[in-house]
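Q: Okay, sequence plus prediction incoming.
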Amino acid sequence: MNKKFVLLGEQFLVVMGLQVFFLNYFKSAVVPLFFLIWLLILVWDGNIEVALFMAFITGIIYDLISKGFYGMTSITFLVIVYINSFLKIKSITGRISSIFIFSIIYFMMGLFKYPEGFLWNFNTLLRYSLIFALYNSMVGFFIEASMRRLRLKWKAKKGYLSI
């Protein structure tokens, strides 16, 4: 079995576990969306095709977990991953900023109903979308910081083993 697919499966199970845990046990109006953060990180790591496929899968799973309208989250994830695939972001500041922006876009897209407009008034929509984006940015920062630290350790070990 390919090592990349095993790593992807492990990441998927951890992200799904975190998402289910936060949706079920944190009775808050806004919880971080680990699926979105993971999909953005997949694109930044160069796995665009995998991220597009996983956007569809995670969107369906998220709709099943959150009892949403089936397929709407998949479409939103696909659009966000597709737009993000054109951005070549390397710095941690740029990545956190894009997590913040894409989180706001996701939150607002979820509350837009075509003929009527947004389901909430502007102040409430702005407040909750900023809280949601802030949660996602904090989670994204911790994930990015830990990934960079792990990569440095792996490079050090690889150099040590090659001597």
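A: Yep, that arrived. Numbers count the residues shown, from 1 in each chain.

Q: For Phe107, which non-adjacent residue is closest in space?
A: For Phe107, ignoring the flanking residues on the chain, the nearest one in space by CB to CB, 6 or more residues apart in numbering is Ser129 at 4.2 Å. C-beta: built from backbone N, CA, C; applies to glycine.

Q: give the contact list for that neighbour.
A: Going by CB atoms under 8 Å, 6 or more residues apart in numbering, Ser129 touches 103-104, 107-108.

Q: So which of those is surrounded by the most neighbours?
A: Among the contacts of Ser129, the one with the most neighbours (other CB atoms under 10 Å) is Ser103, at 27 neighbours.

Q: coming back round to it: looking at the contacts of Ser129, spot the one nearest Ser137.
A: Ser103 (7.1 Å; CB to CB).

Q: shouldn't the closest one be in contact with Tyr128?
A: No: in this structure, Ser103 is not within contact of Tyr128 by CB atoms under 8 Å, at 11.1 Å.

Q: For the chain, which segments count as helices?
A: For the chain, the helices defined by DSSP state H occupy 3-25, 34-44, 48-66, 72-84, 92-110, 122-162.
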